[in-house]
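Engineer: attaching a predicted model along with its sequence, questions to come.
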Amino acid sequence: MVAWNYELFGCFEDMKICALTLFCPCYIFGKTAETVKRNCIFCGILLLIPFFNLYAFGKVRNLIRKQLNIDGTGSDDCILTLFCAPCALAQEAREVRHGTHIMLRY
C-alpha cells in the first residue's frame, strides 16, 4: 500500500482542478468516477441529492483507493466526505490523473 501522491489541502497547486471543484463539483466528480467504471452523468446527478451524495462520494473514493492501492479505510473516506468534501474531491481528481496515467480533460 502507498500513500496519496497529492496532499488533501494541496488543491491550490492545480488551479484548474481547484476552480472546477469549487464551481462545477458535479462535473469533476462525474469525470473522476468514470475512471473507476462508474457512470459519469449518474454520479454527477447523485452529488446533488442529499445523503445519496455522501454515499456516492465515499464509494467512489474507496474504489479509487483500491484501484490505486492507496492506504486508508472506509471510515476515513466517510469522515473526509462529510467534513472536507471539496478538498477530497480535488485530491481524488489529481490522483486519478496521475495514478491511472490518463490525462483527463478538465
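Structural biologist: Good, I have the coordinates. Numbers count the residues shown, from 1 in each chain.
Engineer: quick one: contacts for the spatially closest residue to Phe52 that is not a sequence neighbour?
Structural biologist: Once flanking residues are discounted, Phe52 sits nearest to Leu46: 5.1 Å by CB to CB, 6 or more residues apart in numbering. Every C-beta, even on glycine, is put in place using the N, C-alpha and C of the backbone. Leu46 sits next to 52-53, 55-56 when contact means CB atoms under 8 Å, 6 or more residues apart in numbering.
Engineer: the same query, at a cut-off of 10 Å, please.
Structural biologist: Contacts for Leu46 (CB atoms under 10 Å, 6 or more residues apart in numbering) come out as 26, 29-30, 33, 38-39, 52-57, 59-60.
Engineer: in PyMOL, how would I select the buried members of the residues you listed?
Structural biologist: To isolate the buried ones among the contacts of Leu46 in PyMOL, judged by 16 or more other CB atoms under 10 Å, type:
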select buried, resi 26+29+30+33+38+53+54+56+57+59+60
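Engineer: any chance of the contacts of Leu46 in a markdown table, with distance to Cys78, pLDDT and secondary structure too?
Structural biologist: Below are the contacts of Leu46 laid out as a markdown table (distance: CB to CB, whole Å; pLDDT from 0 to 100; DSSP: H, G, I helix; E, B strand; the rest coil):
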| residue | distance to Cys78 | pLDDT | secondary structure |
| --- | --- | --- | --- |
| Cys26 | 20 | 91 | helix |
| Phe29 | 16 | 92 | helix |
| Gly30 | 20 | 91 | helix |
| Ala33 | 17 | 91 | helix |
| Arg38 | 18 | 89 | coil |
| Asn39 | 22 | 89 | coil |
| Phe52 | 14 | 91 | helix |
| Asn53 | 12 | 89 | helix |
| Leu54 | 8 | 87 | helix |
| Tyr55 | 9 | 88 | helix |
| Ala56 | 12 | 90 | helix |
| Phe57 | 9 | 89 | helix |
| Lys59 | 10 | 89 | helix |
| Val60 | 12 | 92 | helix |
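Engineer: next, give me the two most distant ones among the contacts of Leu46.
Structural biologist: Asn39 and Leu54 (18.1 Å; CB to CB).
Engineer: what's the burial count for Phe42?
Structural biologist: 12 (other CB atoms under 10 Å).
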